[in-house]
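> Please find the sequence and the predicted model below.
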Amino acid sequence: MLKNRIIPILLLKHGRCVKGKQFCDFRDVGAPVTAAKVYDAQRVDELAFLDILASQEERDVLLDIITKTAEECFMPLSVGGGIRSLDDIKMVLAAGADKVVINTAAVENPDFVAKASQHFGKANIVVSVDYKMNDKGKREVFTHSGTTKTDIDAFEWVIRLEELGAGELILTSIDHEGTMAGYDLEFITDVSTRLKIPVIAHGGVGTLAHFKEGISVGHASGVAAASIFHFTDQNPIKTRLYLKDAGLNVRI
Amino acid sequence: MGNLHSVSKALEMVGADVVITSDPADLEKCDGIVLPGVGSFRQGMENLNNLGLVETLNREIIERQKPMLGICLGMQLAARFGEEEGPTEGLGWLDADVLQLVPESDDCKIPHIGWNDVEFDEHNPLFKGIRSPASFYFVHSFHFVYNLNSVMTSTCDHGGTFLSSLSKENIQLVQFHPEKSQDIGLQVLENFLELV
């Protein structure tokens, strides 16, 4: 039976790992390749690198980090940040990523998701959806690392993404991100039960119980987090032992 | 095509001299061939055709019986037919079809992404030193449909059993990604090298 994945997320900026709160106030938390090696030694299920600046120059730095990571770490890598063309995807995959994560480009040009899926196979195409509750009480999609509002309803958007051929979604609640107060379970549950593709929950984990909720309440295929691993003494090994004890299907 | 860097680094890790190539001359000289692959079946065959590699692969692998390992899409391309992104003729080394995974249960998501238990015969050379079942990493939506039981070396379950690896003479095919399956994946690659 397929295991639920525990996925540390490393946010990158100028070739360093950073961590913020609600997509602001980023702090330096270390060197990415070193961090990746630590996670590899802990046998994580998968690691995600997301570059928050996503500029052209930044992408070369990102490729270098993936290349170096893939030389020493034989674990699954998902990589995003500035993925805008089929060539970008090709470069990221060739450097050692298994899946690419598209965000802003999917909103600006939904057809890109369809093309990427046709070309590379949908299993390798992940779309990341960052959203925030607006003053009308609706979840609204944001792009450009949470800086740009779109007026797009997040639930309608994820349904569209599945139709376009996205193979997996990472859902990040900007309101929850970095708060360590738990996932936006309501939305994760709605999306996971509606869609046939895997959904990764992200944003808000502060305790091991939050991971458990993401899987058992939210029905997420994978549970992602950053702060808890950077700023507390919890790590992926303790996480999977906790989830195993809670009766969930994780890899030990 | 796809994850060449990871595959080559993983093979080097277990002691192989690796050349990443699309040059027929290199394929003639080498002792074994690994066909990795990330991408759709259709695109994968188009790439092999555009690179003019089909004839060379047939000669080296089928006629000269050079040891070959196909990973993920590299496994699937050995079939005679694939349906991903439209009906496409494969390399046709096995009388198999590559079809969409259709789980019996709604709880099983497609694509099949993540770590799943693989059950295998521990006496099989490719799985030497690994206890069954073991978890390997998968990323795919299509599977290799082949009903000759004698060549199956492992199976996996995702809302129904599917073929996760097979072995036919010099050809080893695996649906999972050994280059991404940490210690046990490296063991599979090392075991393949012993067959070369």
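Thanks, I have the structure now. Numbers count the residues shown, from 1 in each chain, chains lettered A, B, ... in the order given.
> from here on, contacts and neighbour counts on C-alpha atoms
OK.
> how far away is residue A:194 from residue B:161?
Using Cα to Cα, to the nearest Å, residue A:194 is found at 25 Å from residue B:161.
> and what of residue A:131?
Counting by Cα to Cα, the gap from residue A:131 to residue B:161 is 37 Å.
> more crowded one of the two?
residue A:131 (25 against 11; other Cα atoms under 10 Å in any protein chain shown).
> can you pull the contacts of that one?
By Cα atoms under 8 Å, 6 or more residues apart in numbering or on different chains, the contact list for residue A:131 reads A:139, A:140, A:141, A:142, A:146, A:154, A:171, A:172, A:173, A:174.
> In the one helix or strand it maps to, which residues are buried?
Per DSSP states H and E, residue A:131 falls inside strand A:125-133. For strand A:125-133, the neighbour count (16 or more other Cα atoms under 10 Å in any protein chain shown) marks A:125, A:126, A:127, A:128, A:129, A:130, A:131, A:132 as buried.
> what pLDDT does the first one get?
So the one you mean is residue A:125. We have a pLDDT of 97 for residue A:125.
> quick one: it and residue A:99 touch, right?
Yes. Contact status for residue A:125 versus residue A:99: in contact at 5.8 Å, counting by Cα atoms under 8 Å.
> Could you give the number of residues near residue A:21?
Other residues lying near residue A:21 total 18 when counted by other Cα under 10 Å.
> my read: it touches residue A:179, true?
Yes. Taking contacts as Cα under 8 Å, residue A:21 lies within contact range of residue A:179: 6.4 Å.
> Bridging across strands, which residues link to the most centrally placed residue in chain B?
Nearest to the geometric centre of chain B sits residue B:71, at 2.6 Å (Cα atoms, centre = their mean). The partner list for residue B:71 in beta bridges (DSSP bridges) reads residue B:174.
> Quick check: it touching residue B:33?
No. The criterion here is Cα under 8 Å, and residue B:71 misses it with residue B:33 at 11.1 Å.
> next one: phi and psi at the residue in the stretch 101-250 of chain A that chain B sits nearest to?
Residue nearest to chain B within the stretch 101-250 of chain A (Cα to the nearest Cα): residue A:120, separated by 3.7 Å. Taking degrees, to the nearest 10, you get phi -100, psi 0 for the backbone angles of residue A:120.
> Please name the nearest non-neighbouring residue to it.
With Cα to Cα, 6 or more residues apart in numbering or on different chains as the criterion, residue A:120 has its nearest non-adjacent residue at 3.7 Å, and that residue is residue B:39.
> Then residue A:86?
residue A:116 (6.3 Å).
> Give me the neighbour count for the one you found.
With other Cα under 10 Å as criterion, residue A:116 counts 25.
> for it, what are its contacts?
Contacts of residue A:116 by Cα under 8 Å, 6+ apart are A:86, A:89, A:122, A:125.
> doesn't residue A:102 make contact with the second one?
Same thing as residue A:89. No. At 9.3 Å, residue A:89 and residue A:102 do not qualify as touching, with contact defined as Cα under 8 Å.
> Mind listing the shared neighbours of those two?
Listed as contacting both residue A:89 and residue A:102 by Cα under 8 Å, 6+ apart are residue A:83.
> where does the residue nearest to residue A:32 when sequence neighbours are not counted land in three-state SS?
Ranked by Cα to Cα, 6+ apart and with sequence neighbours excluded, the top spatial neighbour of residue A:32 is residue A:17, at 5.6 Å. Following DSSP: H, G, I helix; E, B strand; the rest coil, residue A:17 is assigned to strand.
> and residue A:17, how many neighbours?
By other Cα under 10 Å, neighbour count at residue A:17 equals 22.
> cool, and residue B:122?
The number of residues packed near residue B:122 is 16, by other Cα under 10 Å.
> Can you show me the strands along the chain?
Defaulting to chain A. Assigned by DSSP state E, chain A shows strands spanning A:5-13, A:16-21, A:24-30, A:47-51, A:77-80, A:99-102, A:125-133, A:139-143, A:148-153, A:168-173, A:199-202, A:222-225.
> Chain B, not that one
Applying DSSP E to chain B gives strands spanning B:33-35, B:68-71, B:79-82, B:88-89, B:94-100, B:112-120, B:134-140, B:142-145, B:152-157, B:161-168, B:171-174.
> Establish whether the third one and chain A are in contact.
Right, the one you point to is strand B:79-82. No. Against chain A, strand B:79-82 shows no contacts by Cα under 8 Å from any Cα of the partner chain, the least distance being 12.6 Å.
> Write out the residues of the stretch 151-252 of chain A neighbouring chain B.
So far as Cα under 8 Å from any Cα goes, the stretch 151-252 of chain A lies against chain B at A:167, A:168, A:196, A:197, A:198, A:251.
> The residues you listed into JSON lines, with extra columns for neighbour count?
JSON lines is the format used below for these (neighbours: other Cα atoms under 10 Å in any protein chain shown):
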{"residue": "A:167", "neighbour count": "30"}
{"residue": "A:168", "neighbour count": "29"}
{"residue": "A:196", "neighbour count": "18"}
{"residue": "A:197", "neighbour count": "23"}
{"residue": "A:198", "neighbour count": "27"}
{"residue": "A:251", "neighbour count": "23"}
